[in-house]
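J.: Fold the following, please.
(2 chains)
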Amino acid sequence: MKVHLYERIWMWLAAAMILGFVSAVVFAAGSHAIHPPSHMETVDPTQVRIRGEFTEPRVEQRADGSVLVVGLAEMFTFRPNTLRVPAGRPVTFRLTSPDVIHGFEIVGTNVNATVVPGYISQTTVTFDRPGEYLIVCNEYCGLAHHLMQGRLIVEGGAR
Amino acid sequence: MSKAYRLEISHFAVAIAAFAVGAVMALLQALSRAEVAVPFRSEKMYYLSVTAHGVLMALVFTTFFIMGLGYVVARSTLGKLRGEGLAWISFWVALAGTVMNAGAILSGSSTVLYTFYPPLQAHWTFYVGATLLIVGSWGFSAVLLASYLGWRREHRGQPVPLPLHGMLATVLIWLIATSGLAVEVVGMLVPWSLGLIDKVDPVVARTWFWWFGHPLTYFWLVPAYVVWYTVVPRAVGGRLFSDKLTRLVFVMFVLFSTPVGFHHQFSDPGISASWKLLHTLTTYAILFPSLVTAFTVTASLETAGRLRGARGWFDWLGKLPWGDPLFASVALSMVTFMLGGFGGAINAAYAMNTLVHNTAWIQGHFHLTVGTAVALTFMGASYWLLPRLLGREVRPRRLATWQPYLWFVGMMLFSIPNHINGILGMPRRVYSAGFQGSPVAASWQGLTAISAVGGAILFLSSAFFVIVVVGTVLYGRQMPAPAIEFSVPLEPAEGGGVWDRFGLWTAVAVGLVILAYAVPIAHLYGMHRFPSPAFKPW
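T.: Next comes the predicted model:
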């Protein structure tokens, strides 16, 4: 196939640029273990309020110093609604929904998970900066979607 | 009205009517988001207007416009359509489906947004209407394929006419894409909304939806590229820089459109990280044909400038007809698509997606891509098509000249603030982003107001477009219809060769889809899952 020289140069540059993007993505995933929340665990959405770990939404300090948040995203609030966690410690969120799909986004952090009824979303993040953060639902869930919010308070001095 | 193009004109009429209603819905949203106290402002009206705007613009306007354009291209490059009866039946089926679906939305029974994720459950007419629209588009696909195959029997060894090559690629992308949507809608949502089954699994539904949802964007984009490559260079007096590479670009979209859907589901549970990473890599492959397009179309426009006497490095730009609404629309679409394309590379970035997922960034992004690169190109193409189909001059001409520029300015004001607010964490699709006085939410307000101004300007531009279409139909001065002519390559085409072998490429494309989806879908179906009952929280 005859390809004009300028076009051939451009195609090599385009390929190099794409290779650069892909390398950056794979490098970040591999070397820093940065992955999107991809947990593979199911739960019966009609039972989560009645039995099992989600009957008591909570923030739990674990023996190894890490923190576990077991929470529900439901029409139209988060439970627990205010989360207090220490700075500098890994915090694992385990979340599900008893009704429709919700988003769990902590504004200004790397927490952004889709919470789907029937599945448990899990993600672990360490918050370095103490302060108060806004939690919003970013997946449309009904007429009060925009009122669905919570608070994360990262407490300093835990280091 | 010219009898010869009655089929095409009917499709464009439905497309533009849907566009007009969709534009009114957009104005309601923009004002509501900016907390302007418009009459009837309420949560119910806001989420209803988001649903109607999405469906009418992204599914109805685009699909009818693309079907009309496909028939124009096939008729003018092949000399005739085969199966015009089927084409008319398909038109009426698609129109009936559209009316049924729009009725469900506007009556307030189906405020599920245009992604309609279960367990939100719309009225059954929403899903059946959408199904009929898709069935109509399959009829269109069959007519295009039959017309091409009939022509090929009589023209052995000839290359596929280039504009038709692009439209055939569009049809193949669409058939592969809509197979996934059919599984979701016909297999799950229709029986569920009729009460035949109690529960559906949301992640399974989302997976089939995004099997369809990403190639959908190339179903929109490839016809716009057909205009960029095969209409505009000719219309501005230039030559197509490379015929072969154009075919390569269209084939690459057939190959890589579908095996990429998990980049819309990065934050979903139930799909493993390694398969998400694989879909990231295929997503980046699809940047390549668009980067080639940026070069080939720009080089083709340069030939036009040079044929008009330009000599230096850049003065060919000044020689191009910036007052011509087709050229201005496409040139501004290309500029916008550069921004949108790089934004897309960020969306597809496996880890970085967390920063932008479901934020205002996303609506900023797809208004640059489908909302401008595609929609503005279709508006520009309308200014080119109207005289050719109707035998009338475009009128009022001045509104047509201003309209693309107004769209561009409105879209920049709308889209850039949304991109910034998205990075600052503002969620998309919210009636109000006040969050009860949260300080971080207050920091989004200024940019939201700017984006509402952009939305108002876009509405004005939309109104100009609709006025020009109606004005031309009713009052445009009659004239002999100009010929429908397509670009000629700079160097004589040597024939399509391997890039014309659509059977082969379709087989490869299906193979890639199976590689990308078979294992994760089998895994999903094999898990012990708990499907959800229905909810209607509106």
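J.: check contacts around whichever residue of chain A sits closest to chain B.
T.: Using Cβ to the nearest Cβ, the single residue of chain A nearest to chain B is A:Gly142, 2.8 Å away. Glycine gets a C-beta too; all of them are placed from N, C-alpha and C. Residues in contact with A:Gly142 (Cβ atoms under 8 Å, 6 or more residues apart in numbering or on different chains) are A:75-76, A:100, B:120, B:535, B:537-538.
J.: Please identify which two of the residues you listed are farthest apart in space.
T.: Spanning the widest gap among these are A:Phe76 and B:Leu120, at 13.6 Å by Cβ to Cβ.
J.: Overlap of the contact sets of the two?
T.: Common neighbours of A:Phe76 and B:Leu120, using Cβ under 8 Å, 6+ apart, are A:141-142.
J.: gap between B:Ser141 and A:Glu41?
T.: Computed as Cβ to Cβ, to the nearest Å, the B:Ser141 to A:Glu41 distance reads 41 Å.
J.: Point out the residues in the stretch 101-250 of chain B that sit beside chain A.
T.: Residues of the stretch 101-250 of chain B found near chain A (Cβ under 8 Å from any Cβ of the partner chain) are B:111, B:113, B:117, B:119-120, B:201-203, B:206, B:241-242, B:244-245.
J.: Just give the nearest non-adjacent residue to the residue of chain B found nearest chain A, would you?
T.: Residue of chain B nearest chain A, by Cβ to the nearest Cβ: B:Pro537 (2.8 Å). Nearest non-adjacent residue to B:Pro537, counting by Cβ to Cβ, 6 or more residues apart in numbering or on different chains: A:Gly142, 2.8 Å away.
J.: Now name the helix or strand holding that neighbour.
T.: Assigned by DSSP states H and E, A:Gly142 falls within no helix or strand.
J.: mind checking pLDDT for it?
T.: As predicted, A:Gly142 sits at a pLDDT of 96.
J.: Now it: phi and psi?
T.: A:Gly142 adopts backbone torsions of phi 130, psi -170, taken as degrees, to the nearest 10.
J.: Pull out the buried residues from stretch B:480-490.
T.: Across stretch B:480-490, burial judged by 16 or more other Cβ atoms under 10 Å in any protein chain shown covers B:481, B:484, B:486-487, B:489-490.
J.: again, but for stretch B:5-23
T.: Neighbour count says stretch B:5-23 has B:5, B:7-12, B:14-23 buried, by 16+ other Cβ under 10 Å.
J.: Compute the number of surrounding residues for B:Arg429.
T.: The local packing of B:Arg429 (other Cβ atoms under 10 Å in any protein chain shown) involves 24 other residues.
J.: For the residue nearest to it when sequence neighbours are not counted, grab the count of nearby residues.
T.: Of all residues not flanking B:Arg429 in the chain, A:Tyr140 sits nearest, at 4.9 Å (Cβ to Cβ, 6+ apart). Neighbours of A:Tyr140 under the rule other Cβ under 10 Å: 28.
J.: still on that earlier bit, so for B:Ser141 and A:Glu41, which sits in the more crowded spot?
T.: The neighbour count for B:Ser141 versus A:Glu41, taken as other Cβ under 10 Å, is higher for B:Ser141 (20 against 14).
J.: and that one, what does it touch?
T.: So B:Ser141 contacts B:171, B:174-175 (Cβ under 8 Å, 6+ apart).
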